[in-house]
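A.B. asks: Starting from these lines, generate the structure:
(chains A and B)
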Amino acid sequence: MVKAVRGVMVKCDASIKAMLIDIDNKNHNDFIIEDLDEEHLLVKEGKIMALKNRLAQMMKERLKDPTEEIESGKEN
Amino acid sequence: MSSQALEYLEQLPLQTHKKLYEQPSTVLAIFRCMLPHLAKSIVMAMLYMPMPLSSSDLDAWFRPSASKLQKDSLYILEKLHILELKQRDTSRQIEYSLAPGFSKSLRQALEGSGTHRSFGVPAPQTGERKVTIQELDDYAQGQWESLLFYMVGGTVGFQGSVGGDIGQGTKTLLEGGGFVAKNHGKIGITRTGFMFVLQDTNAQVWSLLIEYLKYVDNLGLGMSETDVLSFLFMLGSLELGQDYSTATLSPTQTIMLDDLTAFGIVYMSHKNAKTFYPTRLATTLTSDSGALSTTNSNDVAAPGTGATQKGFIIVETNYRLYAYTSSLLQIAVLSLFTKLTTRFPNLVSGKLTRASIARAVQTGISSSQIISYLDAHAHPQMQKSIPFIPPTVTDQIRLWELEGERVETTNGYMIKEFSSEKEYREIVKYADDLGVLVWKDDSEKKLFVDRIDQLQEVLKRQANKRR
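C.D. replies: Below is the predicted model:
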């Protein structure tokens, strides 16, 4: 029997996907329904905003942005 | 014409549609503004047909290559219950016919027959001075701008208001619709609100009215949805500068008048006036010509607002932005995505920065919304070059957005566990034709679609076949 599952399709590049899976693993697999292929994930509908926030946080911690300081200096 | 209105109409049940179609003005408005061109042609061709049309005859009207367009149009017509499907018992052939209520009203509207009064009743001439179109425009513009400013102003920290206060009812409505949210007692704009502010006026009016419809429904004041809707469609067919009698309105519609006056959609000289005037916001509801701001740019400009209504934004290739405006509303909108630094009596200047764009993106404005806003309000000097906004700037805005948004998300449904390759292929092809296919995996026989309602019928048919 054909089944239809509600969810959010997330398209991102492989490096981001690795981070998303990392977040999922650390949180009792609470976000991701299915790992589809290199660039796609199926995520629970209610959880997508929370997942995005975690990702943004993680990016901030891991990737220090060199351009940030230069730019803010330029503006003054 | 705004697509939200169509979406809202589509999800109404058959009963509501039937009642709506009793009003010729409603039918004409839906026909003129909601239907895609092909659907209009189908309706027109079938309007005076005495007999139902068999599906094979209908198919013969279309080239095979246009099957996607044909499907789309028929789908909309069926959804709106304009087209009725019947299966002839003997030959099992499907026949199409227009819903009787719809075709009757459309004929009446086109021929001007019947005694329905659904296009409004002009008030009898009295000695009283008539309100001029100019005054109506000013009123509508004032009301609408204070409404927008209420949403934007709080967020960017401006005090006071441009026009008057917008009334408690409107505030509740905006909050209920999720356009603004209260945070620590302060009004802040939401993602939906941003999209709302950056839309053109006509789309804004519709979004607000649809919220209004939902709101009235939940209130349980006994105001009927059909009554509200037919009144809105009637407003769209009225003439600007003409006053109409309130005597023929139903009780629901009389209550509505108060609310619509607060939005600036209709004008009444005082609360218990016997007549009302539709403003430009109302008369453009069901037409393609834009409301307020665009009409002003066509040199019907209202004095006093003139300069700010035409293009006023200059963007240089070094991301500096100059806006010739003194309108608080426009400054507030600009400050949503610009780092404004200086303000002069008729000019504000600032810079589009990575931080300012990132902030906007985070709160939910997309780069394309920003670009289209800049584009739509580009200064006449900027409009001499094409594209109006320097490509380096637009590209950079897009890149800045991409930096913040590393993932692309689509809501929808994953369909899987097909019992045969053939069924899977059939569904994939159908989904692709409809343009709802987002992702598929042939080896796993899975696909992801962003809308499922049209597919459901095919899936059901497949299931039945198997039984």
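A.B. asks: CA only for contacts and neighbour counts going forward, please
C.D. replies: Will do.
A.B. asks: any weak-confidence spans in chain B?
C.D. replies: Regions of chain B meeting the criterion pLDDT under 70 cover residues B:1-2, B:89-91, B:115-118, B:125-128, B:154-165, B:184-185, B:220-223, B:287-310, B:404-405, B:467.
A.B. asks: Alongside chain A, which residues does it contribute?
C.D. replies: Contact residues (CA under 8 Å from any CA of the partner chain) of chain B with chain A: B:406-419, B:448, B:459, B:463.
A.B. asks: Which of these are buried, as a PyMOL select command?
C.D. replies: A single PyMOL command is used to select the members of the residues of chain B next to chain A judged buried by 16 or more other CA atoms under 10 Å in any protein chain shown:
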select buried, chain B and resi 406+407+409+410+411+412+413+414+415+416+418+448+459
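A.B. asks: Okay, buried residues for stretch B:16-36 please.
C.D. replies: Quick answer for stretch B:16-36 (16+ other CA under 10 Å): B:17-18, B:20-35.
A.B. asks: among those, which are in helices?
C.D. replies: Judged by DSSP state H, the subset of these located in helices is B:17, B:18, B:20, B:24, B:25, B:26, B:27, B:28, B:29.
A.B. asks: could you dump these to CSV with distance to residue B:367?
C.D. replies: Putting those into CSV (distance: CA to CA, whole Å) gives the following:
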residue, distance to residue B:367
B:17, 38
B:18, 42
B:20, 39
B:24, 42
B:25, 39
B:26, 37
B:27, 38
B:28, 37
B:29, 33
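A.B. asks: and the longest strand seen in chain A, what's its mean pLDDT?
C.D. replies: Counting residues, the longest strand in chain A under DSSP state E turns out to be strand A:3-11. Averaged across strand A:3-11, pLDDT comes to 88.
A.B. asks: Can I get the helix or strand following it in PDB, CA atoms only?
C.D. replies: Downstream of strand A:3-11, the first helix or strand assigned by DSSP states H and E is helix A:14-26. Coordinates of each C-alpha in helix A:14-26 appear next as PDB, following Å, rounded to 0.1, in the frame of the first residue of the first chain:
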ATOM      1  CA  ALA A  14      27.100  17.800   1.900                       C
ATOM      2  CA  SER A  15      29.000  19.700   4.600                       C
ATOM      3  CA  ILE A  16      25.900  21.300   6.000                       C
ATOM      4  CA  LYS A  17      24.100  17.900   5.900                       C
ATOM      5  CA  ALA A  18      26.900  16.400   8.000                       C
ATOM      6  CA  MET A  19      26.300  19.100  10.600                       C
ATOM      7  CA  LEU A  20      22.500  18.500  10.600                       C
ATOM      8  CA  ILE A  21      23.000  14.800  11.100                       C
ATOM      9  CA  ASP A  22      25.400  15.500  13.900                       C
ATOM     10  CA  ILE A  23      22.800  17.700  15.600                       C
ATOM     11  CA  ASP A  24      20.200  15.000  15.100                       C
ATOM     12  CA  ASN A  25      22.500  12.300  16.700                       C
ATOM     13  CA  LYS A  26      23.200  14.400  19.700                       C
END
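A.B. asks: Do helix A:14-26 and chain B come into contact?
C.D. replies: Yes. Using CA under 8 Å from any CA, helix A:14-26 reaches chain B at residue A:16.
A.B. asks: And for the helix or strand encompassing residue B:370, what's in contact with it?
C.D. replies: Taking DSSP H and E as the definition, one finds residue B:370 inside helix B:367-376. Applying CA atoms under 8 Å, 6 or more residues apart in numbering or on different chains, the contact partners of helix B:367-376 are B:195, B:198, B:311, B:313, B:337, B:361, B:388, B:389, B:394, B:397, B:398, B:401.
A.B. asks: Please verify my assumption that residue B:378 contacts residue B:321.
C.D. replies: No. Residue B:378 is beyond contact range of residue B:321, at 10.7 Å (criterion: CA atoms under 8 Å).
A.B. asks: Show me the common contact partners of these two, please.
C.D. replies: Common neighbours of residue B:378 and residue B:321, counting by CA under 8 Å, 6+ apart, are B:313, B:314.
A.B. asks: Can you tell me which residues in chain A are near chain B?
C.D. replies: Checking chain A against chain B by CA under 8 Å from any CA, the hits are A:1-13, A:16, A:45.
A.B. asks: If you rank the residues you listed by neighbours, which is first?
C.D. replies: Neighbour counts for these, by other CA atoms under 10 Å in any protein chain shown, peak at residue A:9, which reaches 28 neighbours.
A.B. asks: list the contacts for that residue?
C.D. replies: By CA under 8 Å, 6+ apart, residue A:9 lies in contact with A:40, A:41, A:42, A:43, B:409, B:410, B:411, B:412, B:448.
A.B. asks: Just confirm the last one is within a strand.
C.D. replies: Yes. Looking at residue B:448 with DSSP: H, G, I helix; E, B strand; the rest coil, it is inside a strand.
A.B. asks: Quick check: nearest residue in space to it, chain neighbours excluded?
C.D. replies: Excluding the flanking residues, the one nearest residue B:448 by CA to CA, 6 or more residues apart in numbering or on different chains is residue B:414, at 4.4 Å.
A.B. asks: How about residues contacting the helix or strand that neighbour falls within?
C.D. replies: For residue B:414, the element it lies in under DSSP H and E is strand B:408-416. The set of residues that contact strand B:408-416 without belonging to it, under CA under 8 Å, 6+ apart, is A:2-12, A:45, B:445-452.
A.B. asks: Find the least confident helix or strand in chain A, judged by mean pLDDT.
C.D. replies: One helix or strand of chain A scores below all others by mean pLDDT, DSSP states H and E: helix A:66-75, with a mean of 45.
A.B. asks: For the closest residue to residue B:286 other than its chain neighbours, give me its contacts.
C.D. replies: Spatially, and ignoring its direct neighbours in sequence, residue B:286 is nearest to residue B:236 (5.1 Å; CA to CA, 6+ apart). Listed by CA under 8 Å, 6+ apart, the contact set of residue B:236 reads B:29, B:282, B:283, B:284, B:285, B:286, B:287.
A.B. asks: ok, the first one to residue A:5 distance?
C.D. replies: Distance, residue B:29 to residue A:5, by CA to CA, to the nearest Å: 38 Å.
A.B. asks: before we move on, what about residue B:23?
C.D. replies: Separation of residue B:23 from residue A:5 (CA to CA) stands at 41 Å.
A.B. asks: what about residue B:254, how many neighbours?
C.D. replies: Each residue near residue B:254 was counted by other CA under 10 Å, and the total is 13.
A.B. asks: Residue B:129 now?
C.D. replies: Neighbour count for residue B:129, taken as other CA under 10 Å: 7.
A.B. asks: what do you get for residue B:273?
C.D. replies: 11.
A.B. asks: quick one, phi psi at it?
C.D. replies: Backbone torsions of residue B:273, given as degrees, to the nearest 10, read phi -60, psi 150.
A.B. asks: Please could you give me each C-alpha atom of the longest helix along chain B, formatted as PDB?
C.D. replies: Of all the elements of type helix in chain B, the one with the most residues (DSSP H) is helix B:133-156. Below are the C-alpha coordinates for helix B:133-156, written out as PDB (Å, rounded to 0.1, in the frame of the first residue of the first chain):
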ATOM      1  CA  ILE B 133     -12.300  61.500  -5.500                       C
ATOM      2  CA  GLN B 134      -9.400  63.500  -4.200                       C
ATOM      3  CA  GLU B 135     -10.700  63.400  -0.700                       C
ATOM      4  CA  LEU B 136     -11.400  59.700  -0.900                       C
ATOM      5  CA  ASP B 137      -7.900  59.000  -2.100                       C
ATOM      6  CA  ASP B 138      -6.500  61.100   0.700                       C
ATOM      7  CA  TYR B 139      -8.600  59.300   3.300                       C
ATOM      8  CA  ALA B 140      -7.800  55.800   2.000                       C
ATOM      9  CA  GLN B 141      -4.100  56.600   1.800                       C
ATOM     10  CA  GLY B 142      -4.100  58.000   5.300                       C
ATOM     11  CA  GLN B 143      -5.900  55.100   6.800                       C
ATOM     12  CA  TRP B 144      -3.800  52.500   5.000                       C
ATOM     13  CA  GLU B 145      -0.500  54.200   5.800                       C
ATOM     14  CA  SER B 146      -1.300  54.400   9.500                       C
ATOM     15  CA  LEU B 147      -2.100  50.700   9.400                       C
ATOM     16  CA  LEU B 148       1.200  49.900   7.800                       C
ATOM     17  CA  PHE B 149       3.100  52.200  10.000                       C
ATOM     18  CA  TYR B 150       1.600  50.600  13.000                       C
ATOM     19  CA  MET B 151       3.200  47.400  12.000                       C
ATOM     20  CA  VAL B 152       6.600  48.700  10.900                       C
ATOM     21  CA  GLY B 153       7.000  51.600  13.300                       C
ATOM     22  CA  GLY B 154       7.000  49.600  16.500                       C
ATOM     23  CA  THR B 155       9.700  47.300  15.200                       C
ATOM     24  CA  VAL B 156      12.200  49.900  14.200                       C
END
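A.B. asks: Good, wrapping up.
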